[in-house]
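Colleague: My questions are about this predicted structure, shown below with the sequence.
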Protein chains: 4
Amino acid sequence: MDVGVGIVGYGLMAKAHTFGYRNASAFGSLAAKPKVVAMSGRNPVALAAAAALYGVPDTTSDWRTLLDRDDVDVIDICTPPGTHAEIAIAAAAAGKAVICEKPLAASFADALAATRAVEDSGVANAVGFNYRRLPALALLQRLIADGRIGRVLTWHATWYTDEFADPEIPFDWRFDLAMGASTFADLGSHLIDLALTQVGPVDAVSAQTQTTIAERSGQAVTVPESCSALLRFASGASGVIDLARNAVGRPCDFVVDVSGTEGSLRFDYARLNELWFSHIDDDPELYGPRRIRAEHTTHPYSANWWPIGQGVGYGSSFVNQVVAWFAEWPPKTWDPDFAQGTRVQAICDAMERSSLSDHWEQVPTFDLNPANKL
Amino acid sequence: MDVGVGIVGYGLMAKAHTFGYRNASAFGSLAAKPKVVAMSGRNPVALAAAAALYGVPDTTSDWRTLLDRDDVDVIDICTPPGTHAEIAIAAAAAGKAVICEKPLAASFADALAATRAVEDSGVANAVGFNYRRLPALALLQRLIADGRIGRVLTWHATWYTDEFADPEIPFDWRFDLAMGASTFADLGSHLIDLALTQVGPVDAVSAQTQTTIAERSGQAVTVPESCSALLRFASGASGVIDLARNAVGRPCDFVVDVSGTEGSLRFDYARLNELWFSHIDDDPELYGPRRIRAEHTTHPYSANWWPIGQGVGYGSSFVNQVVAWFAEWPPKTWDPDFAQGTRVQAICDAMERSSLSDHWEQVPTFDLNPANKL
Amino acid sequence: MDVGVGIVGYGLMAKAHTFGYRNASAFGSLAAKPKVVAMSGRNPVALAAAAALYGVPDTTSDWRTLLDRDDVDVIDICTPPGTHAEIAIAAAAAGKAVICEKPLAASFADALAATRAVEDSGVANAVGFNYRRLPALALLQRLIADGRIGRVLTWHATWYTDEFADPEIPFDWRFDLAMGASTFADLGSHLIDLALTQVGPVDAVSAQTQTTIAERSGQAVTVPESCSALLRFASGASGVIDLARNAVGRPCDFVVDVSGTEGSLRFDYARLNELWFSHIDDDPELYGPRRIRAEHTTHPYSANWWPIGQGVGYGSSFVNQVVAWFAEWPPKTWDPDFAQGTRVQAICDAMERSSLSDHWEQVPTFDLNPANKL
Amino acid sequence: MDVGVGIVGYGLMAKAHTFGYRNASAFGSLAAKPKVVAMSGRNPVALAAAAALYGVPDTTSDWRTLLDRDDVDVIDICTPPGTHAEIAIAAAAAGKAVICEKPLAASFADALAATRAVEDSGVANAVGFNYRRLPALALLQRLIADGRIGRVLTWHATWYTDEFADPEIPFDWRFDLAMGASTFADLGSHLIDLALTQVGPVDAVSAQTQTTIAERSGQAVTVPESCSALLRFASGASGVIDLARNAVGRPCDFVVDVSGTEGSLRFDYARLNELWFSHIDDDPELYGPRRIRAEHTTHPYSANWWPIGQGVGYGSSFVNQVVAWFAEWPPKTWDPDFAQGTRVQAICDAMERSSLSDHWEQVPTFDLNPANKL
């Protein structure tokens, strides 16, 4: 059975999502096979070129027309964060399932509005936190869930890139808070999604930000390049997050350290096929962590990929999320859903507020509406 | 323009090759778009399942029928090594372009016969030495070609896997020398292909092999699990190769070290997006190698992939070779071609002979036939 | 010329300090040669055993008697933090130069009192922040001072150990805040010393702590095992520090990341002879950090050690600080001195207060007394 | 009890050996405490300077006078390899215990002569294969002896340095085969000592060498910079060794890989406190090697060193061998002794011959003389 997908946007994320759709059936067992039937964008030349590269048969300059097509079952939103909520709300109103790139929105309010919209319409909804689909990170989550490190005590994550290091980079939407979202939301939302799945809810945060280059192309930059925060988890665990987009020579170095009463785990994206694990009962003569090669057939997503040791890359995360979302059809629920995207955004919201205040800020809470169809 | 591909075999290599065909147009600029039109295999149930997974529309139990199809322009051989030559010769005779998984054959004689066949028929021909398509290894080759390490003095490569470590693995064709080829040819051919491109021709070798588990499922194992060799390059450089398929806990650890008069390079497959480089004129205060992240837009194959730092995996090598082969159509020549596959096999042949004799063995040479159409 | 040293305490730090005195003249050029003439401690059997191991000729059960000896020029304090100030003040009053293990005290008030005492008496004074003596960390500092990474923007440090992971470890002074000092002061003081030398003064901090095991041997544990803080430097740079003493399988993993407008640096104690460096003008084709082997003859402390590549260990830091302190005699000033120790303690103090309040705390400042002899 | 040591030579090895003597009692339990009483050398100015640095009280321009001193119990030979045998033979004749830096001699014949001399006189004798004293390498050896990797199948070692990379380095004794010994003997003897202890005797070898810079300062270089060999162990195991002294940017990179029927081990000198270990029965979900931190109190030599995670350096190996040799006094036998040094040299001899012939060479054997006093 084929399921039609309409993609809003044609940039890097559209490239990654089409990669996922194109390859999912080769690496997993799907109940329905997604087919990208059309892609929208405002620059017709660039859109046509992208459609040719990604093998998308149809294009439109108006994303709203995708909502009217009977052959579109799923709207996949690959545009800048500031546009996500409007498109998601319209898609939900049109009764389409919605997949939205992270972050779900550029603000907590928008994220919540999008969540209310999918609740009201009862459509399946998902957010593209793709990194959790890497086998090593999925294994990390599973080892915690299986109690392998006991009760989590501390969680620590960093993400350093140099995408904003050069002051000559001209202004674009990534430097505009309302369109590109904060660095907490852009880089951080992936890590916060991981924190929530690995440790649970966050109660409060204390944060700081730093804007180094205040202006580009004569326009004010409203997105601080670097930021960091302390986290208090509801469980009593404590956390730290440190993000910078101006760290010279560091292309995409994200690291997660989780430590519990009985063990510790460490993931470093630069070695994305590996996971470090220590347990308190390890043989003392062999003291030291195991460097797990997270491609064993027993590992998440791995049974259908390459032989162990060959290694997957970034693209595999997009394949794996399609495999997860299309494993049954129609889907009952998708995971991570808009509610999760909104939980993440609530934490970003508190971080943004704390960076302006001089104190800890509570993370706003919200109830899922049980009267709604979700 | 579409080019029809018929794949012989439906196992892991067919999975990898179809991955390459499926994704090439998204990551490169193709003159013709390859379409896999049919796949052959003897087990109809497994074949049908594989075809469904890989999205191949047609299947046949007899690979020879692929040769008769007008919609097949290219025969892609993904069967065990011992079968390659016969299929390649038949494909050449049928006027089809031929892509053959490595090693080109299970013996030098067979490899040479296949080369003579493509010479005679003038069809395009290629061997699937996919690892040279990894950006980091392609960059390594480019840095040498650009003189960045001066004249190569020493070349050293190791490959350790544990695929044969467990004595309980039952006998299959990989343990049969005539079908699976030697370990020199199976693992080693990739490395020897790299040696030839990085250092040039090899004159002579001294080799040893070791068979640890002589029998499986009651059948004699004829493929030594581990082997090693010294190499004398025509340039005066010296080389070492060390291979083992019974190294516990090492899934696919291959490493290449090349050292020259002005610099050194190191590639470690476990970090396949990286390359280490030192130059003799490096600032002494910064003494130590650079760890190049081989995903810069200036790096081979990288401009059309993901942003730097995201990382590619094993699959990318298969995509990149399709991009290289279909960049122009019809192809004038393909690289690496059967002649290269035969050069590799000649070295394997000398290694196999040396492991039985007590001395160095000359690498057999052969002339490409200028009277032929190639 | 020989200089007499009396050591207060006979535990691990006495072992490390005597290692430094014993070896300094072999690895540096000294104006005076320190000789440990006596060591004090309350357990006579353990003291005698330690003195024999370390080659100390005399012992005493009362550290005050060391102050009376004419052959003691320097008092070296190797006891628990809570005892440092009293001993230092007495030593200063006796006119002895004072070397004090870090942290200078268990509180800011005590540290300041010790500083006032050495100011009043005009004796040379130093704090044993030994890690800054590692060649790689000294080189890191020099590269920053030389402008190699431009203006520092962000500073990030972590330290994970498992020394407190086992709940069965019985109570000792390390679990007593008044004697062992906080984790900010014990582990953190080394890192804060580095922060001050690498980035400059800190204005304010926001901190949190976590106590996991509240009681040992029936006694209340008053030292939280893990803690973290955000830092605002006076320069506008921002910082993060994360410390845990209950991270299973991590013996002494401390890492410092410093990022500036033109480059970045990274030090990882598990590879203490190495330093990572990227510069914004690095050749794009060689994109990626250099892994400096910090043993070149041009590197700090390295000219008189082993040939490059051989590697030094923990002990070398204690040798190097003796080399630094005894390079001239009598010393004009020592570095780092008690004032630096007090600056560090002021930051610890703010962190401790912030972990109890809900907001950022200012780092207390203090003036060096110009009327005093220092 | 003190034991007098006379050191022949005052260069780097004298610096390292005096470091060992100076520190041994602090890091181990000694039956006798070695005291370096005198040091010999032909350059009086340099000798005096070295004696001052290393704390040696007396010097002499004629090493033979050391043999006449009653306060010298042990002669420690730290001169170039070509001089070792003569000094060792004279020391044995004088009834002194002899410690000789590796390699024992510049030729098998000389090594055997030295062994016969100590046999005849019955003096204790040792060779300074210091690297085997690193905790990680001693642990590697112990894990093999304890059967942790089953029967050894393959052994592989490399050593890359850049000490000879620069063609401008003037001629010195290291480039003279008769004085400096071959690269097989200089770098390789450490590795061959490890091979013998880890795998057992070697029957035959096939080798090659390469001389890149044939002349320095107008003198012929007789020591090839790079060389490699295949090894056949008596046990049936196979080995590979690859050495280069002209590998740019690689200061002292030696690596040993040992693989057996049940596990594998890997040591990399650049991380000298670590050891990698995989076992065939490791939990598949945790597939991958342990990175052992070889400083646990249960590990060889570690109980008396620093707390785990702090790390030792090169110097520790010299301390540890003194601890081993002086643990009982007078010594019954020392390990490794001259016989072991001669076994190593026999293998070097076969490698040197094989590099000139075109075939495998048998390793010469020799009997220890049971009639002698050893």
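Modeller: Looks like it arrived, so ask away.

Colleague: got the buried residues for stretch A:100-109?
Modeller: Burial within stretch A:100-109, assessed by neighbour count using 16 or more other C-beta atoms under 10 Å in any protein chain shown, is assigned to A:100, A:101, A:102, A:103, A:104, A:105, A:106, A:107, A:108. Quick note: C-beta positions are derived from backbone N, CA and C, even for glycine.

Colleague: Out of the residues you listed, which two are the most distant from each other?
Modeller: A:101 and A:108 (17.2 Å; C-beta to C-beta).

Colleague: Not counting sequence-adjacent ones, nearest residue to residue A:278?
Modeller: Distances taken as C-beta to C-beta, 6 or more residues apart in numbering or on different chains place residue C:249 nearest to residue A:278, at 2.2 Å, with adjacent residues excluded.

Colleague: Repeat that for residue A:327.
Modeller: Nearest to residue A:327 is residue A:31, by C-beta to C-beta, 6+ apart, at 6.0 Å.

Colleague: Quick check: phi and psi on residue A:21?
Modeller: Main-chain dihedrals, residue A:21, degrees, to the nearest 10: phi -60, psi -40.

Colleague: what's around the residue nearest to it when sequence neighbours are not counted, how many residues?
Modeller: Distances taken as C-beta to C-beta, 6+ apart put residue A:34 closest to residue A:21, at 4.7 Å, once the chain neighbours are dropped. Using other C-beta atoms under 10 Å in any protein chain shown, residue A:34 has 25 neighbouring residues.

Colleague: that's a strand at residue A:34, yeah?
Modeller: Yes: assessed by DSSP: H, G, I helix; E, B strand; the rest coil, residue A:34 belongs to a strand.

Colleague: So residue A:229 is in contact with residue A:204, correct?
Modeller: No: the pair residue A:229 / residue A:204 is not scored as a contact, 10.1 Å apart, by C-beta atoms under 8 Å.

Colleague: Of those two, which one has the most company?
Modeller: Using other C-beta under 10 Å, the more surrounded residue of residue A:229 and residue A:204 is residue A:229, with 30 against 19.

Colleague: need the residues of the stretch 1-150 of chain A near chain D, please.
Modeller: Residues of the stretch 1-150 of chain A lying close to chain D (C-beta under 8 Å from any C-beta of the partner chain) are residue A:139.

Colleague: Would you map the helices across the stretch 1-150 of chain A?
Modeller: Taking DSSP state H, counting those that start in this stretch, the helices of the stretch 1-150 of chain A run over residues A:12-27, A:44-54, A:63-67, A:81-93, A:108-121, A:135-145.

Colleague: Where do the domain boundaries of chain A fall?
Modeller: Listed domain ranges for chain A are A:2-131, A:132-317 (source: automatic domain parsing).

Colleague: quick revisit: if I pick the residue nearest to residue A:21, what's in contact with it?
Modeller: A:2, A:3, A:4, A:5, A:21, A:24, A:74, A:322, A:326 (C-beta atoms under 8 Å, 6 or more residues apart in numbering or on different chains).

Colleague: Check residue A:141 too.
Modeller: A:132, A:194, A:197, A:198.

Colleague: Where strands are concerned, which of these count?
Modeller: Assigned to strands by DSSP state E, none of these qualify.

Colleague: Tell me, please, where in chain A the pLDDT is lower than the cut-off.
Modeller: A:370-374 (pLDDT under 70).

Colleague: residue contacts, the residue positioned nearest the centre of it?
Modeller: Centroid check for chain A by C-alpha atoms, centre = their mean gives residue A:129 as the closest residue, at 2.2 Å. Taking C-beta under 8 Å, 6+ apart, we find residue A:129 in contact with A:102, A:189, A:190, A:193, A:336, A:340, A:341, A:344.

Colleague: ok but residue A:164 is inside a strand, no?
Modeller: No: counting by three-state DSSP, residue A:164 is not part of a strand but coil.

Colleague: which ones are touching the residue in the stretch 1-150 of chain A that chain C sits nearest to?
Modeller: Closest residue of the stretch 1-150 of chain A to chain C, C-beta to the nearest C-beta: residue A:149 (7.3 Å). Residues near residue A:149 by C-beta under 8 Å, 6+ apart: A:143, A:258, A:259, A:260, A:261, A:262, A:263, A:264, A:265, A:279, C:248.

Colleague: Which of those sits closest to chain D?
Modeller: residue A:143 (8.0 Å).

Colleague: my guess is that closest one meets residue A:276, correct?
Modeller: No: with contact defined as C-beta under 8 Å, residue A:143 does not reach residue A:276; the gap is 11.1 Å.

Colleague: Any chance of JSON lines for the contacts of residue A:129, columns secondary structure?
Modeller: Shown next, in JSON lines, are those (three-state DSSP):
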{"residue": "A:102", "secondary structure": "coil"}
{"residue": "A:189", "secondary structure": "helix"}
{"residue": "A:190", "secondary structure": "helix"}
{"residue": "A:193", "secondary structure": "helix"}
{"residue": "A:336", "secondary structure": "coil"}
{"residue": "A:340", "secondary structure": "helix"}
{"residue": "A:341", "secondary structure": "helix"}
{"residue": "A:344", "secondary structure": "helix"}
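
Colleague: Now restrict those to buried residues only.
Modeller: A:102, A:189, A:190, A:193, A:336, A:340, A:341, A:344.

Colleague: dump the residue contacts of the last one.
Modeller: Residues in contact with residue A:344 (C-beta under 8 Å, 6+ apart) are A:102, A:103, A:104, A:111, A:127, A:129, A:185, A:189, A:192, A:193, A:196.

Colleague: packing partners for whichever strand or helix holds residue A:185?
Modeller: In this structure, residue A:185 sits in helix A:183-186 according to DSSP states H and E. Using 3 or more C-beta pairs under 8 Å, 6 or more residues apart in numbering or on different chains; DSSP states H and E, the elements in contact with helix A:183-186 are strand A:226-233, helix A:338-356.
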